[in-house]
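Enquirer: Mind looking at a prediction? Sequence and model below.
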Amino acid sequence: MAARVDRVVTSGTFSLDGGTWEVDNNVWLVGDDEEVLVVDAAHDARAIAEAVGGRRVVAIACTHAHDDHVDAAPALAELTGAPVLLHPDDRPLWRLTHPERAPDGDLADGQELTVGGVALTVLHTPGHAPGAVCLHAPELGTVFTGDTLFQGGPGATGRSFSDFPTIVESIRTRLLTLPPETVVRTGHGDSTTIGDEAPHLEEWIARGH
């Protein structure tokens with residue numbers, strides 16, 4: 001069975017710098033009928049596990065360590081036996097949510113994760129968070145961008161651990177170089193394409209954060 005992408009939307013809160021906001025998160029499941037990779041275990045481990053079904057979870061890959069993207073990761077790891085993977089630059093953020101439990105492994109720029117016969121390449125895209133990564137699956141014509149790139153612009157950079165010039169540079173050099181038809185599957189909200197977002201880069205720079 002060919003690899004496919006499924007989405008689970010979970011709801012909860014995002015907290016940082018003393019504020020808390022209600023959020024809906026996209027949890028992406030990449031794989032086939034036998035095995036699956038979970039991109040961002042947000043809010044509800046049981047709902048994610050139900051969507052996984054009887055498939056083997058090869059890994060839980062975190063695009064970054066804001067609490068709304070990793071709050072369910074340890075529980076999902078316990079339910080599935082899968083390792084939690086995170087870029088090491090985001091470990092300080094991770095510890096704010098899970099001080100007693102470290103990730104099981106690191107994500108590194110250029111690393112390949114394979115699931116269902118499909119390779120996903122890790123792209124280190126700091127800015128929204130120091131260890132933010134995107135996962136590019138060229139065979140599926142898609143990239144999972146977490147909170148780095150959304151429909152309409154870059155992710156927020158007004159809080160701790162974030163930087164606007166850095167996220168714009170990450171998008172310019174790591175994402176807008178992908179084929180324009182590449183589907184951008186985001187951490188929140190609707191998907192878009194690289195081609196739809198590329199013309200707006202100068203607007204983002206002019207607008208600042």
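Expert: Arrived safely, thanks for sending.
Enquirer: Please make it C-alpha for all contacts and neighbour counts, starting now.
Expert: OK.
Enquirer: low pLDDT regions in the chain?
Expert: Counting by pLDDT under 70, the chain has low-confidence residues at 1, 208-209.
Enquirer: element containing the most far-flung residue of the chain relative to its centre, please.
Expert: Going by CA atoms, centre = their mean, the residue of the chain most distant from its centre is residue 206, 26.1 Å out. Counting by DSSP states H and E, the element that carries residue 206 is helix 201-207.
Enquirer: Show me what counts as buried in that helix.
Expert: residue 201 (16 or more other CA atoms under 10 Å).
Enquirer: Repeat that for stretch 176-190.
Expert: Under 16+ other CA under 10 Å, the buried positions of stretch 176-190 are 176, 178, 182, 183, 184, 185, 186, 187, 188.
Enquirer: how about the strands in the protein?
Expert: According to DSSP state E, the chain carries its strands in the segments 4-16, 19-31, 35-39, 56-61, 84-86, 105-106, 112-115, 118-124, 133-137, 142-146, 149-150, 153-154, 183-186, 192-193.
Enquirer: How about the contacts made by the residue lying closest to residue 156 once chain neighbours are set aside?
Expert: Distances taken as CA to CA, 6 or more residues apart in numbering put residue 128 closest to residue 156, at 6.2 Å, once the chain neighbours are dropped. Neighbour list for residue 128: 147, 148, 155, 156, 157, 161, 162, 163, 164, 167 [criterion: CA atoms under 8 Å, 6 or more residues apart in numbering].
Enquirer: And for residue 183?
Expert: 141, 142, 143, 191, 192, 193, 194.
Enquirer: That one pairs with what?
Expert: Residue 183 forms beta bridges with residue 142, residue 193, as assigned by DSSP bridges.
Enquirer: Find the nearest non-adjacent residue to residue 89, please.
Expert: Residue 89 sits nearest to residue 131 (CA to CA, 6+ apart), 4.4 Å away.
Enquirer: hmm, back to that, list only those of the contacts of residue 183 flagged as buried.
Expert: Buried among these by 16+ other CA under 10 Å: 142, 143, 192, 193, 194.
Enquirer: Next up, phi/psi of the residue nearest to residue 156, please.
Expert: Backbone geometry at residue 128, expressed as degrees, to the nearest 10, gives phi -70, psi -40.
Enquirer: rewinding a little: I'd assumed residue 125 was in contact with the residue nearest to residue 89.
Expert: Yes - Residue 131 lies in contact with residue 125 (CA atoms under 8 Å); the separation is 7.3 Å.
Enquirer: which one of those two has more residues nearby?
Expert: residue 125 (29 against 24; other CA atoms under 10 Å).
Enquirer: residues contacting the more buried one?
Expert: 131, 132, 133, 134, 148, 167, 170, 171, 174.
Enquirer: State the distance from it to residue 10.
Expert: 24 Å (CA to CA, to the nearest Å).
Enquirer: Next: residue 164.
Expert: For residue 164 relative to residue 10 (CA to CA), the value is 27 Å.
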